[in-house]
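Visitor: coords please:
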Amino acid sequence: MSSPIIFYDIPSTLSVNAWSPNTWKTRYALNIKGVAYKTEWVEYPDIEALAKKIGAPPTSTNADGSPLYTLPIINDPNTGKVVSDSFLIAEYLDATYPSGTTLFPPGTKPLMVALEAVLNPSSEKYFRATREATYGKKIEEFSPAGAQRNADWAKAKEGLVAVDGWLSKNGGGKFVMGNTVTYADGILGAWLTWIKIANGESSAAWKDFASWHGGRWGTYITNLKPFATVL
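Guide: Now for the predicted structure:
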């Protein structure tokens, strides 16, 4: 019997412990793939030490040129592999566990890369402003209500116009690829889940966001709920 994959994620004091959009990509990938895993929670200051201890490669470099270690990371006791970076983790899961749901159907990987490129720039400023939520601070402390919040919100809405256009051509399916759930849904779902969690599911901000583009985003995140389990 295979052992569960160890998935390292960042905790928070929000209503849902899992909050980071980058680690949510991997959580969705694991749930969509259907492989057994367990979460180990790692605070920001402990990420580098953990990565070095288990042999996880850095994902980038700091301004001074030193290695930068980030989550998500998975440690697969069945193969001895330790993988960093959400996209690389998804590729690893498909290659190592082919019997589960295919995260990258043939010919779709360029679309996944494009989806990442569309979402990341439009969300970068908002993400930087709110990532300290993991330390227990509320979103309002980093993006104060008023003109700045409205401008950030308008930019987020504009950034989703292209994605809305793509989804409008999927034949009316529930997911990015129609009715087939893939890693594209892990990418998009991660960002939407983070926005919902950071603002609060019952907040006016999330309700407004969920209603954009004919209510597409609220419906979409509801359709992904079976793959949003936090183990």
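Visitor: show me where this protein has helices.
Guide: Secondary structure of the chain (DSSP state H): helices at 21-33, 47-54, 86-96, 109-130, 147-159, 161-167, 183-199, 204-223.
Visitor: dump those to a markdown table, plus mean pLDDT.
Guide: Shown next, in a markdown table, are the helices of the chain (pLDDT from 0 to 100):
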| stretch | mean pLDDT |
| --- | --- |
| helix 21-33 | 96 |
| helix 47-54 | 97 |
| helix 86-96 | 97 |
| helix 109-130 | 63 |
| helix 147-159 | 78 |
| helix 161-167 | 88 |
| helix 183-199 | 92 |
| helix 204-223 | 94 |
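Visitor: gap between the closest residue to Asn78 other than its chain neighbours and Lys196?
Guide: Distances taken as CB to CB, 6 or more residues apart in numbering put Ser2 closest to Asn78, at 4.9 Å, once the chain neighbours are dropped. Any C-beta I mention is one placed from the backbone N, CA and C, and that applies to glycine too. According to CB to CB, to the nearest Å, Ser2 and Lys196 sit 32 Å apart.
Visitor: which one of these two has more residues nearby?
Guide: When neighbours are counted by other CB atoms under 10 Å, Ser2 and Lys196 differ, and Lys196 comes out ahead with 21 against 11.
Visitor: residues contacting the more buried one?
Guide: Trp206, Phe209, Ala210, Ile221 (CB atoms under 8 Å, 6 or more residues apart in numbering).
Visitor: show me what counts as buried in stretch 197-205.
Guide: Buried positions in stretch 197-205, judged by neighbour count with 16 or more other CB atoms under 10 Å: Ile197, Ala198, Asn199, Ala205.
Visitor: and stretch 165-176, by the same measure?
Guide: Buried residues in stretch 165-176 (16+ other CB under 10 Å): Leu167, Lys174, Phe175, Val176.
Visitor: among the residues you listed, which one has the lowest pLDDT?
Guide: Ranked by pLDDT, the buried residues of stretch 165-176 bottom out at Leu167 (90).
Visitor: pretty sure that one sits against Met177.
Guide: No. Taking contacts as CB atoms under 8 Å, Leu167 lies outside contact range of Met177: 9.9 Å.
Visitor: ok, Ala90 - how many residues close by?
Guide: Neighbours around Ala90, by other CB under 10 Å: 26.
Visitor: let me see the contact set for it.
Guide: Ala90 neighbours (CB under 8 Å, 6+ apart): Lys25, Thr26, Ala29, Leu103, Phe104, Tyr183, Gly186.
Visitor: check the residues you listed and tell me the two furthest apart.
Guide: Within the contacts of Ala90, Thr26 and Phe104 form the most distant pair, 14.4 Å apart (CB to CB).
Visitor: who's more crowded, these two?
Guide: More crowded of Thr26 and Phe104, by other CB under 10 Å: Thr26, with 29 against 18.
Visitor: show the end-to-end separation of stretch 66-85, please.
Guide: Terminal residues of stretch 66-85 lie 17 Å apart, using CA to CA, to the nearest Å.
Visitor: now find how far off-centre that stretch is within its chain.
Guide: Put simply, stretch 66-85 sits 16 Å off its chain's centre (CA atoms, centre = their mean, to the nearest Å).
Visitor: what does that stretch contact?
Guide: Against stretch 66-85 from outside (CB under 8 Å, 6+ apart): 2-10, 20, 22-23, 25-27, 30, 37, 42, 47-48, 50-52, 54-62, 86, 89, 92, 96.
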